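Colleague: got a sequence here, can you model it:
(2 chains)
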There are 2 protein chains.
Amino acid sequence: MYESPLFWPAHWQDKTLMVLDETLIPGQLRYIPVRRVQESVEIIRSMKTRAFGQFLVVLNTFVVEMYRIPAKTKVDLKTIQNVTQALNESRPTFPFSEVTAIILGVAQKASVSGTDVKTAVIKTVDGFLQGIRHRRLERVRQLAESIQEGDCILTHCNVSGELAMACSMAKEQGKNIRVFATETRPYLQGAKLTVWELHQAGISVTLIADNVVGSLMSEGMVNKVIIGSDRSAANGDIANKVGSYQIAVLAKEFGVPLIALTQPSHKVATGKDIPIEQRSPQEVLLYERRRLFPSGVDGYYPGFDVVPHEFIKKAIAIHAGI
Amino acid sequence: MYESPLFWPAHWQDKTLMVLDETLIPGQLRYIPVRRVQESVEIIRSMKTRAFGQFLVVLNTFVVEMYRIPAKTKVDLKTIQNVTQALNESRPTFPFSEVTAIILGVAQKASVSGTDVKTAVIKTVDGFLQGIRHRRLERVRQLAESIQEGDCILTHCNVSGELAMACSMAKEQGKNIRVFATETRPYLQGAKLTVWELHQAGISVTLIADNVVGSLMSEGMVNKVIIGSDRSAANGDIANKVGSYQIAVLAKEFGVPLIALTQPSHKVATGKDIPIEQRSPQEVLLYERRRLFPSGVDGYYPGFDVVPHEFIKKAIAIHAGI
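Modeller: Alright, predicted model coming up:
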């Protein structure tokens, strides 16, 4: 099975965290060295890393901080608290606090019991990530099972490598499939990431503009929608890249089942309780760094929207807990 | 009232037809000289002119041809037939034949009755266009009446000046309104044309990516959708820029009334009978003339989709006949 660089977009090089710059794909496969918390926050805010990459960065940032503290120096709990706070505030839609709280708890427990905080944090993050990797690979296998011979799949934005890998696995199982990927304006994650990784995986992929979904469905050209999710509510609603909701409404209208990859959480009751990040209007007003329109024109770009649970035919879940 | 250059995007300069190059807006307001049929076909195919501009070009192209024939030379009917055929074949979705047939008929009648074909054609086109201009201005007035105080209007693609002019009129009537315009990928007619002309008209306008429509409606941020149409079927279905259909489905889901500017026609029974032009995949694969993705990736770009009549709350119609 093909493993997409987007499946695990960060790794360690000695004691420097190397994070894949997803904004340069497919032109370049370049990793950004991260050596301090502010660098993590910066690459999260500027969306150089996104989706699963953000969680990898959030968790590994604690390790980055531990490596900054000289050997044999006792770690102050305040350090862990500062890291926690900086990461929690980086992007509002993401429940970073759900994982940072775990690390903070481990550090507090170690501190109280007199064991080494640094070792406890590094070990916890490592175990956490190994577990997540295992569960995500299992989810890829489940997703591949959900893909059937002859499927024409519509996807939106980018599912952090899992869709490409599931398609690759389905292909190895002898299934002929085809994927339609939306561009996903304004960042074009669909056009730049999804199309690229599916092509790398040897899957037949067709790019469409975001406004072609209705046309595609009314012509019966897709029989399945597969999307990821950035956050879940207790009732099963999910927040995902803006545009997911309208795709879900269209899928319902045309009887096309929607499969969502989810990370269940009970921290918020419903999708309405998920804060939606408002990105800068500049991000839609600028087009490949150039402004096309008169100044004085406004832009509106909510980063995400909420897909109510009744639109989700099947959720393939992984639990993020340790 | 502000008159948009897009409302009447062609004019005569001596005996040369000057056609607004809509692909250069808002950067430049440049007119392309058209002196022969093939130049008309070329600017229609390459979408340098579009929507109402195409009809202006189609009709005026007969006059262009008449001017090419030396004074006192008798016009061969074959010339008119050739022009008719070249124009009819230029873009499949448009019912150009509905207007070219009228001009051909006039020429045939003049030829049979022994009157001057050249004069008959020029006079017919002139009268036709004067009538259309009058009826379109009347439609702008009707549209302005449909706009109410406090309206937040969503529009898609570009309505050839009429929406900007109706908004300008509504504003003069003291109505405070706001417009959200979709980008309309891949040609960006919304971002380049609609945003520009609304801003010129002094209307508050906000640009959104095509995938933000569902989010906008679910937040109750728009209370009216206004779109144009490129073609109508006898049952009231319309073909318009791809993306219109999904906007209509969302509008229905959220109870937002959809107003369409239409040109009723009985040449085809339903929307299913309207041929949908498949544009080149390159137009979605290239992004501001640059290819972003690996070669081997396919693109799919139907130029239009069909909005079934049951999704249209109100049609403001003009009849194209003489």
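
Colleague: quick one: contacts for A:Trp8?
Modeller: Counting by Cβ atoms under 8 Å, 6 or more residues apart in numbering or on different chains, A:Trp8 makes contact with A:Leu56, A:Arg133, A:Gly161. Bear in mind the C-beta positions are built from the backbone N, C-alpha and C, glycine included.

Colleague: including neighbour count, could the residues you listed go into CSV?
Modeller: Listed next are those as CSV, based on neighbours: other Cβ atoms under 10 Å in any protein chain shown:
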residue, neighbour count
A:Leu56, 22
A:Arg133, 13
A:Gly161, 25
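
Colleague: so which strand or helix has A:Pro294?
Modeller: For A:Pro294, there is no helix or strand it lies in under DSSP states H and E.

Colleague: I should have written A:Thr206 there, sorry.
Modeller: A:Thr206 is part of strand A:204-208 when elements are defined by DSSP H and E.

Colleague: and that strand, what does it pack against?
Modeller: strand A:178-182, helix A:195-200, helix B:282-285, strand B:298-299 (3 or more Cβ pairs under 8 Å, 6 or more residues apart in numbering or on different chains; DSSP states H and E).

Colleague: swap in 10 Å and give it another go.
Modeller: Secondary-structure packing of strand A:204-208 (3 or more Cβ pairs under 10 Å, 6 or more residues apart in numbering or on different chains; DSSP states H and E): strand A:152-155, helix A:162-172, strand A:178-182, helix A:195-200, helix A:213-218, helix B:282-285, strand B:298-299.

Colleague: for A:Val290, give me phi and psi.
Modeller: Not Val; residue A:290 is Arg. Backbone torsions for A:Arg290, taken as degrees, to the nearest 10, come to phi -110, psi 140.

Colleague: can you count the residues close to it?
Modeller: Using other Cβ atoms under 10 Å in any protein chain shown, A:Arg290 is surrounded by 7 other residues.

Colleague: quick check: bridge partners of it?
Modeller: A:Tyr287 (DSSP bridges).

Colleague: tell me the confidence at it?
Modeller: Looking at A:Arg290, its pLDDT is 74.

Colleague: mind listing what the residue in the stretch 51-200 of chain A that chain B sits nearest to touches?
Modeller: Closest residue of the stretch 51-200 of chain A to chain B, Cβ to the nearest Cβ: A:Arg185 (4.0 Å). Shown in contact with A:Arg185 (Cβ atoms under 10 Å, 6 or more residues apart in numbering or on different chains): A:191, A:209-211, A:242-243, A:283-284, A:287, A:301, B:182-183, B:185-186, B:188, B:208-212.

Colleague: secondary structure element holding it?
Modeller: Per DSSP H and E, there is no helix or strand for A:Arg185.

Colleague: nearest residue to the residue nearest the centre of chain A in space, please, no chain neighbours.
Modeller: Centroid-nearest residue in chain A, with Cα atoms, centre = their mean: A:Ala51, separated by 1.7 Å. Once flanking residues are discounted, A:Ala51 sits nearest to A:Ser160: 4.7 Å by Cβ to Cβ, 6 or more residues apart in numbering or on different chains.

Colleague: for A:Ile203, same thing?
Modeller: Using Cβ to Cβ, 6+ apart and skipping the chain neighbours, the partner closest in space to A:Ile203 is A:Cys167 (4.6 Å).

Colleague: cool, and A:Ile238?
Modeller: Going by Cβ to Cβ, 6+ apart, A:Ile238 has A:Ser229 as its nearest residue, at 3.8 Å.

Colleague: about what we covered before: you'd agree the residue nearest to A:Ala51 is in a helix?
Modeller: No. Using DSSP: H, G, I helix; E, B strand; the rest coil, the secondary structure at A:Ser160 is coil, not a helix.

Colleague: show me where the stretch 51-200 of chain A has helices.
Modeller: With helices called from DSSP state H, counting those that start in this stretch, the stretch 51-200 of chain A shows them at A:52-68, A:77-88, A:96-113, A:117-146, A:162-172, A:189, A:195-200.

Colleague: any idea how far A:Thr93 is from A:Tyr187?
Modeller: Computed as Cβ to Cβ, to the nearest Å, the A:Thr93 to A:Tyr187 distance reads 14 Å.

Colleague: of the two, who's got more company?
Modeller: Taking neighbours as other Cβ under 10 Å, A:Thr93 and A:Tyr187 compare with A:Tyr187 leading, 23 against 17.

Colleague: need the contact list for the more buried one.
Modeller: Listed by Cβ under 10 Å, 6+ apart, the contact partners of A:Tyr187 are A:22-23, A:47, A:50, A:157-158, A:193, A:241, A:279, A:283-284, A:301, A:303, B:209.

Colleague: just send those back as CSV, with pLDDT and distance to A:Val117 too.
Modeller: Below are the contacts of A:Tyr187 laid out as CSV (pLDDT from 0 to 100; distance: Cβ to Cβ, whole Å):
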residue, pLDDT, distance to A:Val117
A:Glu22, 95, 32
A:Thr23, 92, 35
A:Met47, 92, 32
A:Arg50, 92, 30
A:Cys157, 97, 38
A:Asn158, 96, 36
A:Leu193, 94, 37
A:Lys241, 97, 37
A:Arg279, 92, 36
A:Glu283, 88, 39
A:Val284, 89, 44
A:Tyr301, 95, 40
A:Gly303, 94, 34
B:Ala209, 96, 45
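
Colleague: quick one: A:Arg231 and A:Ala260 touch, right?
Modeller: No. Contact criterion Cβ atoms under 10 Å: A:Arg231 and A:Ala260 do not qualify, at 11.5 Å.

Colleague: name the residue of the stretch 1-150 of chain A that lies nearest to chain B.
Modeller: Residue nearest to chain B within the stretch 1-150 of chain A: A:Pro26 (6.0 Å; Cβ to the nearest Cβ).

Colleague: quote the end-to-end distance of stretch A:199-214.
Modeller: End-to-end distance for stretch A:199-214, by Cα to Cα, to the nearest Å: 24 Å.

Colleague: meant to ask about stretch A:225-239, not that
Modeller: Using Cα to Cα, the end-to-end distance of stretch A:225-239 comes to 16 Å.

Colleague: so which bits of the stretch 1-150 of chain A are right by chain B?
Modeller: With Cβ under 10 Å from any Cβ of the partner chain as the criterion, the stretch 1-150 of chain A comes near chain B at residues A:Ile25, A:Pro26, A:Gly27.

Colleague: what's the neighbour count on A:Thr115?
Modeller: Here the number of neighbours of A:Thr115 (other Cβ under 10 Å) works out to 11.

Colleague: same check, this time on the one 10 residues further on
Modeller: By the other Cβ under 10 Å criterion, the neighbourhood of A:Val125 contains 22 residues.

Colleague: likewise for the one 5 residues further on?
Modeller: Other residues near A:Gln130 come to 10 when the count uses other Cβ under 10 Å.

Colleague: go on, A:Phe304?
Modeller: Using other Cβ under 10 Å as the criterion, A:Phe304 is surrounded by 28 other residues.

Colleague: the residue nearest to A:Leu188 when sequence neighbours are not counted: neighbouring residues, count only.
Modeller: Leaving out its chain neighbours, the residue that sits closest to A:Leu188 by Cβ to Cβ, 6+ apart is B:Leu292, at 7.0 Å. If you count neighbours by other Cβ under 10 Å, B:Leu292 ends up with 20.
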